[in-house]
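Trainee: Whatever this is, show me its structure:
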Amino acid sequence: MVGALSVGTVFSEKVWSPVDVQRVKLVAEIFGNAFERKRAEAEIRRLSEELRQASQVMTKGELTGSLAHELNQPLGAFLNNAKAARRLLSAKTPDLIEIDAALDDIVRDDARAVDIIKNVRAMFQRGEAKTAPVDLRLLLLEVARIVNSEARMKEISWSLQLPDALPPVRGDKTHLTQAVLNLVVNAFDSVCDAGGPREVVVRADREGPNQVHVSVSDSGKGIDSKLIPNLFEPFYTTKPSGMGMGLTIVRSIIENHGGRIWLTQNSVRGATLSFVLPVTPTTGRADTPG
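Mentor: Below is the predicted model of the structure:
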């Protein structure tokens, strides 16, 4: 800001004392500061509008990527179960029990897709997120049911190692299910791309008095240690056709539930993604798979 203040006399000459000069300087500074503040406010408004527009574009991009990634799993399950039902129906003696099970899976996956869309809509509505006690053991068994058919199709040897009981955690069951599903599907992709043994192990147990620990280990190629710091960043992917949203979504869900997530390299081959969630004392019963 560049400006000038001129003060003078018309009818007589004035001798400006140091006090007068100091007062004039003070007035000039007051006006200068006022003009500078106005200019700064205008600049802040301009930058805020640019930031708002950029934020909208980024949010739309992230939302679109997240929604596409989240819906990809139930839609893929639809297709797998529909193909299985068609294959069973083409047999000389159709196995009606297996067909009925495939149709039940389609109905459940449809409900899961609806829940995903509802959760995305809920993000843009006011009000607190609805949480409830969640039984992680039953949730992991539900995830196993969802991915069993995919594991068979891809010839993946996978196991679920669970204790007889786990303390409940408080949170959103659909979000937590989606987080675990993302980790398991990533592990499946890793072992299929590695060209070696296709083995995946999901483990869960209590860690201390106040946490539950869940890990997903695979026998894939592992992750380059240089890439690990960026692994959970948006749009960062190690897959040729990946969107870079899966682990970002998982981290967001886990951290929103008061937990943390990390990756470690296995001693022989592959990697393990682990997370912990806090155990919250509850008075009600934990949610069970519907």
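
Trainee: So, low pLDDT: which residues of the stretch 151-290 of the chain?
Mentor: 224-246, 281-290 (pLDDT under 70).

Trainee: try it again with 80
Mentor: The stretch 151-290 of the chain contains residues with pLDDT under 80 at 174, 193-196, 222-249, 268, 280-290.

Trainee: Show me the strands in it, by range?
Mentor: 157-161, 169-171, 199-207, 211-218, 260-265, 271-278 (DSSP state E, counting those that start in this stretch).

Trainee: how about the residue lying closest to Gly196 once chain neighbours are set aside, what does it touch?
Mentor: Leaving aside its chain neighbours, Gly196 sits nearest to Ser219 (6.3 Å; criterion: C-beta to C-beta, 6 or more residues apart in numbering). Bear in mind the C-beta positions are built from the backbone N, C-alpha and C, glycine included. Applying C-beta atoms under 8 Å, 6 or more residues apart in numbering to Ser219 gives the contacts 191, 194, 196-200, 266, 268-270.

Trainee: Just the ones in helices from these, please.
Mentor: 191, 194 (DSSP state H).

Trainee: For PyMOL, what selects the buried ones among the contacts of Ser219?
Mentor: The buried subset of those, as determined by 16 or more other C-beta atoms under 10 Å, is captured in PyMOL by this line:
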select buried, resi 191+194+198+199+200+269+270
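
Trainee: just the contacts of Ser219 now: which is nearest Ile249?
Mentor: Distance ranking of the contacts of Ser219 against Ile249, using C-beta to C-beta, places Val200 first at 19.6 Å.

Trainee: Hmm, that closest one is touching Ser217, no?
Mentor: Yes. Val200 is within contact range of Ser217, at 6.9 Å (criterion: C-beta atoms under 8 Å).

Trainee: same question for stretch 38-53, mean pLDDT?
Mentor: Stretch 38-53 comes out with an average pLDDT of 70.

Trainee: so how far is Leu181 from the residue nearest to Gly196?
Mentor: 19 Å (C-beta to C-beta, to the nearest Å).

Trainee: Val27 too?
Mentor: Taken as C-beta to C-beta, the span from Val27 to Leu181 is 69 Å.

Trainee: Looking at these two, which has the bigger crowd around it?
Mentor: Leu181 (21 against 11; other C-beta atoms under 10 Å).

Trainee: Any idea which residue is closest to the centre of the protein?
Mentor: When C-alpha atoms, centre = their mean is applied to the chain, the residue found nearest the centroid is Ile249 (1.4 Å).

Trainee: Verify the stated contact: that residue with Leu176.
Mentor: No. Contact criterion C-beta under 8 Å: Ile249 and Leu176 do not qualify, at 11.7 Å.

Trainee: what's the burial count for Phe275?
Mentor: For Phe275, the neighbour count with other C-beta under 10 Å is 24.

Trainee: do the one 4 residues further on as well
Mentor: Using other C-beta under 10 Å, Val279 has 19 other residues around it.

Trainee: And for the residue nearest to it when sequence neighbours are not counted, the neighbour number?
Mentor: Closest residue to Val279 apart from its sequence neighbours, by C-beta to C-beta, 6+ apart: Pro167 at 4.5 Å. Residues lying near Pro167 (other C-beta under 10 Å) number 20.

Trainee: Show the contacting residues for Pro167.
Mentor: 206, 212, 279.

Trainee: got the residues you listed as JSON lines, with distance to Asp95 columns?
Mentor: Listed next are the contacts of Pro167 as JSON lines, based on distance: C-beta to C-beta, whole Å:
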{"residue": "Arg206", "distance to Asp95": "40"}
{"residue": "Val212", "distance to Asp95": "38"}
{"residue": "Val279", "distance to Asp95": "42"}
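
Trainee: And those, which is closest to Lys38?
Mentor: Val279 (55.1 Å).

Trainee: Could you pull up the residues touching the closest one?
Mentor: 167-169, 206, 209-212.

Trainee: wait, isn't Leu181 in contact with Ile146?
Mentor: Yes. When contacts are counted by C-beta under 8 Å, Leu181 is listed as touching Ile146 (6.6 Å).

Trainee: Name all residues that make contact with Asp218.
Mentor: Asp218 sits in contact with 187-188, 190-191, 199-200, 270-272, where contact means C-beta under 8 Å, 6+ apart.

Trainee: how close does Leu247 get to Leu181?
Mentor: 12 Å.

Trainee: From Met153, how far off is Pro278?
Mentor: Distance, Pro278 to Met153, using C-beta to C-beta: 36 Å.

Trainee: Those two: which has the busier surroundings?
Mentor: More crowded of Pro278 and Met153, by other C-beta under 10 Å: Pro278, with 15 against 11.
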